[in-house]
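Q: The following comprises the amino acid sequence and a computationally predicted model.
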Amino acid sequence: MCYVDENGNLQGYDFETLKKIDELLPQYEFEYEPTEFKNILVGLDTDNYDIAVHHYGWNEERAKKYLYGDVGNFFDTGYNFRVAKGSKIVIHSEEDLGGLKIAVQTSSNVAYLSEKYNTEHPNNPITIIYDDGTTEQHLASLNSGIYDGLLSIPFVDILDKAAYGDIFDIAGSQLFYNTDKLNGCYFIYNYGDEQLKQDIDAVQQELLDSGWQKELSEKILGADYTVNLSK
């Protein structure tokens, strides 16, 4: 979604979307500052950034503090549960996560969902392991048994299998998916920046309606993730 390549250049689906939006909004000039994921919202809190962008899913706690865009560029159908190859773990629903050691990234939506799960299931909580390492480190920790699994994004599982081989299994899917909530990925702003949000929302909608966002998704992510692929 957002990364810096070996030449120090910004790349990714969210970044290419932002570049296109910048072209279509001459009243703004975007400047990009890559930083660790856990620092993005801190930068928004301190007004160092005007927009926080990194595949942010919607959750109630964040929405109280930050202003979410109304138009998403990615449709979220819930999380997979990635486990070590040959694992006997089977996850039919979120209720099966209790008692497992699950890795999450600090300040991520899956961290929020896991913490919320523990609040609601105090008698059978998840053992949360905060791990901000690389994909290679996650796979090594998974296969060595440091944790039982991690909540993963379906398209990332496809890309990681293509990159690293068939070295993990998917034990469950569509976890924490609820048709009654906002299921998408959005740009995040501070309250008070409503005009900026509205201007970007309008362009985002144009990019979706014109098919530009669909083409970008197919090019970078391998499929059109602007729609619900689970239907």
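A: Good, I have the coordinates.

Q: going forward, measure contacts and count neighbours with C-alpha atoms only.
A: Noted.

Q: just the helices in the chain please.
A: 13-24, 37-45, 60-65, 109-120, 135-143, 154-164, 194-210, 212-221 (DSSP state H).

Q: Rebuild those as CSV, extending it with distance to residue 127.
A: Shown next, in CSV, are those (distance: least, C-alpha to C-alpha, whole Å):
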stretch, distance to residue 127
helix 13-24, 31
helix 37-45, 20
helix 60-65, 21
helix 109-120, 9
helix 135-143, 14
helix 154-164, 22
helix 194-210, 37
helix 212-221, 31
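
Q: Please identify which of these is closest to residue 96.
A: With C-alpha to C-alpha as the measure, helix 109-120 is the member of those nearest residue 96 (11.3 Å).

Q: And for that closest one, what's in contact with it?
A: By C-alpha atoms under 8 Å, 6 or more residues apart in numbering, the residues outside helix 109-120 that reach it are 56, 57, 58, 59, 104, 105, 124, 125, 126, 128, 151, 176.

Q: again, only using 7 Å
A: Applying C-alpha atoms under 7 Å, 6 or more residues apart in numbering, the external contacts of helix 109-120 come out as 57, 104, 105, 125, 126, 151.

Q: closest to residue 202 among those residues?
A: Relative to residue 202, the closest of the contacts of helix 109-120 is residue 57; by C-alpha to C-alpha it sits at 19.5 Å.

Q: Excluding sequence neighbours, find me the nearest residue to that closest one.
A: residue 185 (4.6 Å; C-alpha to C-alpha, 6 or more residues apart in numbering).

Q: Quick check: the gap between that neighbour and residue 27.
A: Distance, residue 185 to residue 27, by C-alpha to C-alpha, to the nearest Å: 25 Å.

Q: So between those two, which is more surrounded?
A: residue 185 (23 against 8; other C-alpha atoms under 10 Å).

Q: in the sheet, who's paired with the more buried one?
A: Here residue 185 sits in beta bridges with residue 57, residue 74, going by DSSP bridges.

Q: That one: what's it in contact with?
A: Contacts here follow C-alpha under 7 Å, 6+ apart; on that basis residue 185 touches 55, 56, 57, 58, 72, 73, 74, 75, 76.

Q: Show me the two of these that sit farthest apart.
A: Going by C-alpha to C-alpha, the pair spanning the contacts of residue 185 furthest: 58 and 73, at 12.6 Å.

Q: Quick check: pLDDT value at residue 229.
A: Confidence at residue 229, expressed as pLDDT, is 61.

Q: I misspoke; the intended subject was residue 112.
A: pLDDT recorded at residue 112 is 86.

Q: Go ahead and confirm residue 102 touches residue 147.
A: Yes - assessed by C-alpha atoms under 7 Å, residue 102 is found in contact with residue 147 at 5.7 Å.

Q: where's the residue nearest the centre of the chain relative to residue 108, distance?
A: Computing the C-alpha centroid of the chain and ranking residues by C-alpha atoms, centre = their mean puts residue 55 first, at 4.0 Å. Separation of residue 55 from residue 108 (C-alpha to C-alpha) stands at 10 Å.

Q: same check, this time on residue 102
A: Note on residue 102: its distance to residue 108, by C-alpha to C-alpha, is 13 Å.

Q: Compare the two and say which is more crowded by neighbours.
A: Neighbour totals were compared for residue 102 and residue 108, and residue 102 leads with 26 against 16 (other C-alpha under 10 Å).

Q: Tell me the bridge partners for the more buried one.
A: Beta-bridge partners of residue 102, counted by DSSP bridges, are residue 128, residue 149.
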